[in-house]
Each structure stands twice: as structure tokens, then as C-alpha cells.
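[1] everything below, folded, please.
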Amino acid sequence: MSGPVTFTSAGGGGGAPSSLQRAYLELREPPADGSTAQPGGPIGQIHFQFNPKELSLSKNAKWKRDAQRNAKKSGPPEFTGSDPAKLTLEMFFDATDKMDDKVVKNVEKLFNCCVPTDASRAAKKGSPPWVIFHWGPMTSFPSYVASVTAKYTLFTPSGTPVRAVCTVNLEEISGEQGGQNPTSGSRTARRAHIVTAGDTLQSLSYRTYGNANLWRVIAEANEITDPMRIPVGTRLLVPAADELPDGDNGQ
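    Numbers count the residues shown, from 1 in each chain. Now for the predicted structure:
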């Protein structure tokens, strides 16, 4: 079951030039331990020369049906999980003003998002950078670059590309962990959540427990002292409902 969404830029609006905000990709160092915890420090940015005309966002849910022998109808579906969210965008680069190698360098930056960073290789945990898309108030989920396709459309007489359209596919880095072995005797496994734009402890508490007033449980589990200042990309551990204090049943 697929849920694609396309966001189209209004383009050519009547706002003042000073209100224009350029989209960019923020590159972050992958976690030092090779996990899917919150990303490391910033290592660069790739700016859009021209803001995208549209963005395509998709999310898939997985369901399965068991065959029903001699039945007139199929069996009831069973939800088996969710695929990561995916964001597809285009980046247009043009260097016809100076006819230099600026386009080639920008394309190389995108391709480098598909290879391990120098720091991760040095730590023997090679991993490409984590990427977050920014455009004004819009901030995407932490992701990795699944693929980059560059199409050069104009060249100098010497063969240097001076115009290119790049299709970039970003895939969400899931923050949820599987359950623990039920025979291990440990407490119920805590779910991990990566903070995205618009998230608050209250909204996360409501989605998890059905009660926004239980946000302090999440704050205490993560030793958060200022619930109003949680950076995007932060990895939060969310206690299971059966870890709630006595009397807090989510109602």
C-alpha cells in the first residue's frame, strides 16, 4: 500500500527578493558506533542553485494475506510493518554564466553522499553521510542518499559539462528497534524515535500512550531538562506502556 505525495512550488510569487530562501542538503557525520542513533556533527552543505519545482514523498505499509483454500474471498490482511519514507527531488545546476567546472563539482558532491566519509573509514565503520533536506521551515527526516542520477544537457566546446539535472533519492533512516528476546528476562524493549520537524514530547506522548500529559515519562527516560529545545535528528528512547508509573495507564 503506497502513499505518494507531491509538493509543488508556487514559483514566481510576489514576495520580496529578501524573503527568498534557498533549499539545501545538510550533510552530517554518521554515528561513530555505526548504529542508527542520532547523527554526528555537520560536515557540509549542498545548496540548490534553483529551488525545486516539486518534491515527491512516499511511504509504504506492508500487509500479507494467507491463502484460503476453497474460499470465495481472500483471507483478512495482516499488517507486517512499514517501509521507510522516501523523498525524491531534482537539483538543477547551470554554469553558463562563467562556463567553468562548477556543475561538475556539485555533481561530485552528490556522488560523494553515496560513499563512506573519511572519518567513518578511519574508525573502521565506513558509512556515507546522513542527509537532511532543508527549505525554509521545512526539514526532512534524517536519511541517506539511496541513489543519484545526473543528466548533463549542455557542454562547452572543450567538453566540460555546464548544465545538469540531478535526481536525488533520499531514504529515511529508521529509528525503531526490534523487540528483545522474550526469554531474556529484560524489561520491554523501548522504541526509538528520531525527532523530525514539528515533533514535541506532547505529540509523541499522545501517539504512544494516547495521553499528551505523559510527556514527562519520555523526558525523564532521555534526561531532557528543556523539552522546548530538542534538535531535529535527536534520537529519543520511548518507554513502553507497561513501563509507565502505577496509575498512568494512558487514559
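[2] residue with max distance from the center of the chain?
    Distance to the chain centre peaks in the chain at residue 70, reaching 44.5 Å (criterion: Cα atoms, centre = their mean).
[3] for that one, give me phi and psi.
    Main-chain dihedrals, residue 70, degrees, to the nearest 10: phi 60, psi 10.
[4] ditto for the one 4 residues further on
    With angles defined as degrees, to the nearest 10, residue 74 shows backbone torsions of phi -70, psi 160.
[5] which ones are touching the residue lying closest to it once chain neighbours are set aside?
    Take residue 74 and drop its neighbours on the chain: the residue closest to it by Cβ to Cβ, 6 or more residues apart in numbering is residue 65, 5.2 Å away. In this view, the C-beta of every residue, glycine as well, is placed from N, C-alpha and C. Residue 65 sits next to 74, 75, 76, 77, 78 when contact means Cβ atoms under 8 Å, 6 or more residues apart in numbering.
[6] which residues of this protein fall in strands?
    Per DSSP state E, the chain carries strands over the ranges 5-8, 24-28, 42-47, 54-58, 61-64, 78-82, 86-94, 130-135, 138-139, 143-155, 161-172, 191-194, 235-238.
[7] could I get the ones you listed as TSV with mean neighbour count and mean pLDDT?
    Rendered in TSV, the data for those read as follows (neighbours: other Cβ atoms under 10 Å; pLDDT from 0 to 100):
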stretch	mean neighbour count	mean pLDDT
strand 5-8	11	53
strand 24-28	20	95
strand 42-47	14	94
strand 54-58	16	93
strand 61-64	11	86
strand 78-82	11	83
strand 86-94	19	96
strand 130-135	21	93
strand 138-139	14	83
strand 143-155	15	97
strand 161-172	19	96
strand 191-194	18	78
strand 235-238	18	84
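[8] wait, which of those strands is closest to residue 209?
    Set against residue 209 and scored by Cβ to Cβ, the strands of the chain come closest in strand 235-238, at 9.3 Å.
[9] from the contact counts, what lies against the closest one?
    On a contact count with 3 or more Cβ pairs under 8 Å, 6 or more residues apart in numbering; DSSP states H and E, strand 235-238 meets strand 191-194, helix 201-209, helix 215-221.
[10] one more time with 6 Å
    Applying 3 or more Cβ pairs under 6 Å, 6 or more residues apart in numbering; DSSP states H and E, we find strand 235-238 packed against strand 191-194.
[11] the strand it packs on: how far from the chain's middle?
    Relative to its chain's centre, strand 191-194 lies at 13 Å (Cα atoms, centre = their mean, to the nearest Å).
[12] my guess is residue 25 contacts residue 46, does it?
    Yes: Residue 25 is in contact with residue 46 according to Cβ atoms under 6 Å; the separation is 4.4 Å.
[13] would you mind measuring from residue 43 to residue 27?
    As judged by Cβ to Cβ, to the nearest Å, residue 43 and residue 27 stand 5 Å apart.
[14] now do the domain split for this structure, please.
    Following automatic domain parsing, the chain resolves into domains at 22-65+78-172, 191-243.
[15] for residue 237, give the beta-bridge partners.
    Beta-bridge partners recorded for residue 237 (DSSP bridges): residue 192.
[16] is it true that it touches residue 223?
    No: Residue 237 is not in contact with residue 223 according to Cβ under 6 Å; the separation is 10.2 Å.
[17] got a list of what residue 45 touches?
    Residue 45 is in contact with 24, 26, counting by Cβ atoms under 6 Å, 6 or more residues apart in numbering.
[18] with the one 5 residues further on instead?
    Taking Cβ under 6 Å, 6+ apart as the contact definition, residue 50 lies against residue 92.
[19] do residue 114 as well
    Going by Cβ under 6 Å, 6+ apart, residue 114 touches 128, 145.
[20] no further queries at this time; thank you.
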